[in-house]
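Participant: task: produce atomic coordinates for the following.
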Amino acid sequence: MRLSYLKYLQTSFRFKLFAIFTVLTLLITLIFSVVYIRSEIDSQKTRAEQRASLLATHLAGNISLPLFAENRAIMKQILKEQAALYPDISAITIRNEDKRILVDFVRTPTTRPKNELTKLVDVISNPLGVSPEDAMTGDSSPPIAIIGSMQLSLDISDMTVKIRELTYKSLVIAFFFWLVVAVLSYLVLQKVTQSFKTFLEGLETIKAGNYSITIPVERNDEPGRAAAAVNGLAAALRSRDEENSRLQEELVNALKMEVQEEKKQLMAKLIQTNRMTFLGLLAASMAHEINNPNGSIRLAGLYLSRAWLDALPLLKRNADEEGDFSLGGIPFSKANREITSCCATIERNTELISKVVHDLRSYSLGERYEFNSDVNVNQVIYNAISTVRAYGRHGDMQVSVESQADLPLIYGSRHQLEQVVINLLLNALQAMPNVTGTVTITSSLNQESDKVDITISDQGSGIAPNDLERLFEPFYSTRLDKGGSGLGLFVTNFLVSQHHGTLDFSSELGKGTTVKVSLPTPTSHP
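Facilitator: Below is the predicted model of the structure:
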């Protein structure tokens, strides 16, 4: 508690003012006391010096004749009489002009006083008149002769006692004066600093966070005006605190809603992850189930291709001998090209199915794809169109190809890129509202980025902005009611990213969609 009280005093404005005022008052009081005591001491010493000088001069005049005659008895008698008249004379010593002691008077030979004032004066002869020589020369000053000296010692013990008493009285009076002034100053400071104390207590309350306090304004002085200003500040802080509380409550509610929304999104992602895991297992299972019939189809296609090549010379000879005939409902001249093309299509598509199944297994098992550095983008486009040419002849829809002839070869997987073009081409064909219109595929080299661009444009209904932002989300499709799986663009974007390329969509409702695939060349490949 004492330490706490001392700390409080060290930080108290009133105590600091009181301490400064009392210390200054004490210093001023001590200075005035010392000056007064010093002046009194000097005054006492001056009076003692003057008394000693007067007594010494008086005694020197009385003993001038006996000293001239060197009559010791008379001088002793005179000294005794004078010592009786002046009790403070403690000792007198008379010497002649040869410095020889004639009379040595001591009042108490056994004990001399400790405090004495000694005065030495010369004893001179009385004027004897003007000598004849001086009268003749005109000098009218009577001659004065020094016949000896007298040393007078006065006892100043009483003066020392008076000085000591004066010092004590002065210090006591100064102390009581300082004490009275200190008490009065404390009372005055207490009255003056009461407003400061109230002001500081209000500030401490506001500092503790209680903005509802109002500091009383007693007078229209500096502390009163400061208290009024602090009251205004407290009101502003109280208003701000209320606003902060309201905003904090709104923020907490918003955070709660955001947490709930994030929770929903997290659960959706978990569900999606679970679906993707199931899709991987399903893909691995389907790969095995598809490979078997695909192998049979490929073997049958190979047998038909060889059989057709063996039968083709006989059929040509028969056509030459008997004329054109019908084969499968088609004239032989057309069936020749169609059947040959169908055999090649069976072989190429079974090979593509085998590669897709292999890639699907690799994707589900996390294996790496085999890329080559001699992929021809134009050939990829033509193979993809050949695969979906049935869609190109469906209704009045047409597929237009504008390819740049001197495109550089790129590094990648031919089968994966064919799948990319097929997916985008099928999306473009399915976007046609009335199975009419043209899908345009172009290939070009971007000189600035040194990338090969594949651009597919349709004249379909376009894509809404909200749907455009979610095109690459798995299981999201605008054609779920028409058999869409929501995985085509997800897989396409994945395959393009595997080639370090980019997939960009631009669409306008009612006018169509343009998608551009940009693939790096070997010189720009990362």
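Participant: from now on I want contacts and neighbour counts done on CA atoms only, so please keep to that.
Facilitator: Will do.
Participant: remind me which residues of the stretch 201-350 of the chain are low pLDDT?
Facilitator: Applying pLDDT under 70 to the stretch 201-350 of the chain flags the ranges 201-203, 206-207, 209-228, 265-288.
Participant: just so I have it, where are all the helices in it?
Facilitator: In the stretch 201-350 of the chain, the helices defined using DSSP state H, counting those that start in this stretch lie at 222-322, 332-365.
Participant: just list what the shortest one packs against, helices and strands only.
Facilitator: Spelled out, it's helix 332-365. Taking 3 or more C-alpha pairs under 8 Å, 6 or more residues apart in numbering; DSSP states H and E as contact, the helices and strands that helix 332-365 lies on are helix 222-322, helix 377-387, helix 414-430.
Participant: can we see that at 7 Å?
Facilitator: Helix 332-365 sits against helix 222-322, with contacts defined as 3 or more C-alpha pairs under 7 Å, 6 or more residues apart in numbering; DSSP states H and E.
Participant: using the record's assignment, carve this structure into domains.
Facilitator: For the chain, automatic domain parsing gives the domain ranges 13-127+141-192, 220-368, 369-526.
Participant: in CSV: those domains, plus distance to Glu204 and mean neighbour count.
Facilitator: Listed next are the domains of the chain as CSV, based on distance: least, C-alpha to C-alpha, whole Å; neighbours: other C-alpha atoms under 10 Å:
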stretch, distance to Glu204, mean neighbour count
domain 13-127+141-192, 14, 16
domain 220-368, 12, 14
domain 369-526, 57, 17
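Participant: weakest of the ones you listed in terms of mean pLDDT?
Facilitator: Of all the domains of the chain, mean pLDDT reaches its minimum on domain 220-368 (a mean of 73).
Participant: re earlier: can I get the helices of the stretch 201-350 of the chain in JSON lines including distance to Asn427?
Facilitator: JSON lines is the format used below for these (distance: least, C-alpha to C-alpha, whole Å):
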{"stretch": "helix 222-322", "distance to Asn427": "22"}
{"stretch": "helix 332-365", "distance to Asn427": "19"}
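Participant: between its first and last residues, how far does stretch 318-335 reach?
Facilitator: The first residue of stretch 318-335 is 14 Å away from its last residue (C-alpha to C-alpha, to the nearest Å).
Participant: chain center to it, what's the gap?
Facilitator: 91 Å (C-alpha atoms, centre = their mean, to the nearest Å).
Participant: from now on call the first residue 59
Facilitator: Happy to do that; since the first residue is 59 now, the last one works out to stretch 376-393.
Participant: find the nearest non-adjacent residue to Ser363, please.
Facilitator: Cys401 (5.5 Å; C-alpha to C-alpha, 6 or more residues apart in numbering).
Participant: would you format the domains of the chain as TSV with distance to Thr263 included?
Facilitator: Shown next, in TSV, are those (distance: least, C-alpha to C-alpha, whole Å):
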stretch	distance to Thr263
domain 71-185+199-250	17
domain 278-426	10
domain 427-584	56
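Participant: for Ala266, which of those domains is the nearest?
Facilitator: Taking C-alpha to C-alpha, domain 278-426 is the member of the domains of the chain nearest to Ala266, at 11.8 Å.
Participant: among the helices of the stretch 259-408 of the chain, which comes closest to Ala442?
Facilitator: helix 390-423 (10.0 Å).
Participant: partners of whichever helix or strand comes after that closest one, with directions?
Facilitator: Stepping forward along the backbone from helix 390-423, the first helix or strand reached (DSSP states H and E) is strand 430-433. Strand 430-433 has the following sheet partners, assigned by DSSP bridges: strand 468-470 (antiparallel).
Participant: what residues does the strand it pairs with touch?
Facilitator: Strand 468-470 is contacted by residues 429-434, 557, 579-580 when judged by C-alpha atoms under 7 Å, 6 or more residues apart in numbering.
Participant: any chance of a markdown table for those, columns distance to Leu305?
Facilitator: Shown next, in a markdown table, are these (distance: C-alpha to C-alpha, whole Å):
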| residue | distance to Leu305 |
| --- | --- |
| Phe429 | 57 |
| Asn430 | 60 |
| Ser431 | 60 |
| Asp432 | 63 |
| Val433 | 60 |
| Asn434 | 62 |
| His557 | 49 |
| Thr579 | 55 |
| Pro580 | 57 |
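Participant: wait, Val181 touches Leu117, no?
Facilitator: No - assessed by C-alpha atoms under 7 Å, Val181 is found out of contact with Leu117, at 9.1 Å.
Participant: ok, Ile214 touching Lys172?
Facilitator: No - between Ile214 and Lys172 there is no contact under C-alpha under 7 Å: 8.7 Å.
Participant: Thr169 sits in which helix or strand?
Facilitator: Per DSSP H and E, there is no helix or strand for Thr169.
Participant: could you look up the SS state of Val239?
Facilitator: Here Val239 is helix, with the state taken from DSSP: H, G, I helix; E, B strand; the rest coil.
Participant: report the contact partners of it.
Facilitator: Val239 sits next to no residue when contact means C-alpha under 7 Å, 6+ apart.
Participant: what's the distance between the residue lying closest to Pro578 once chain neighbours are set aside and Ser458?
Facilitator: Leaving aside its chain neighbours, Pro578 sits nearest to Lys509 (4.5 Å; criterion: C-alpha to C-alpha, 6+ apart). Distance, Lys509 to Ser458, using C-alpha to C-alpha: 22 Å.
Participant: over to Gly290?
Facilitator: Distance, Gly290 to Ser458, using C-alpha to C-alpha: 78 Å.
Participant: what's the answer for Gln306, then?
Facilitator: When distance is defined by C-alpha to C-alpha, Gln306 is 61 Å away from Ser458.
Participant: same question, Gln488
Facilitator: Computed as C-alpha to C-alpha, the Gln488 to Ser458 distance reads 16 Å.
Participant: repeat for Leu229
Facilitator: Going from Leu229 to Ser458 by C-alpha to C-alpha gives 123 Å.
Participant: for the helices of the stretch 259-408 of the chain, which one sits closest to Ser207?
Facilitator: Within the helices of the stretch 259-408 of the chain, the stretch nearest Ser207 is helix 280-380; the backing value is 77.0 Å (C-alpha to C-alpha).
Participant: all the helices of the stretch 109-258 of the chain, residue numbers only.
Facilitator: With helices called from DSSP H, counting those that start in this stretch, the stretch 109-258 of the chain shows them at 122-127, 130-143, 190-195, 215-250, 252-265.
Participant: mind checking which of those is nearest Asp100?
Facilitator: Of all the helices of the stretch 109-258 of the chain, helix 215-250 sits nearest to Asp100, with 9.9 Å by C-alpha to C-alpha.
Participant: which residues touch stretch 86-104?
Facilitator: Residues from elsewhere that reach stretch 86-104, judged by C-alpha under 7 Å, 6+ apart: 217, 221, 225, 228-229, 232, 236.
Participant: hmm, Gly568 is touching Gly520, no?
Facilitator: Yes - with contacts counted by C-alpha under 7 Å, Gly568 reaches Gly520, the gap being 5.6 Å.
Participant: re earlier: tell me who's in contact with the residue nearest to Pro578.
Facilitator: Lys509 makes contacts with 503, 576-579, as judged by C-alpha under 7 Å, 6+ apart.
Participant: cool, Thr225 as well?
Facilitator: Contacts for Thr225 were tallied using C-alpha under 7 Å, 6+ apart; they are Ile95.
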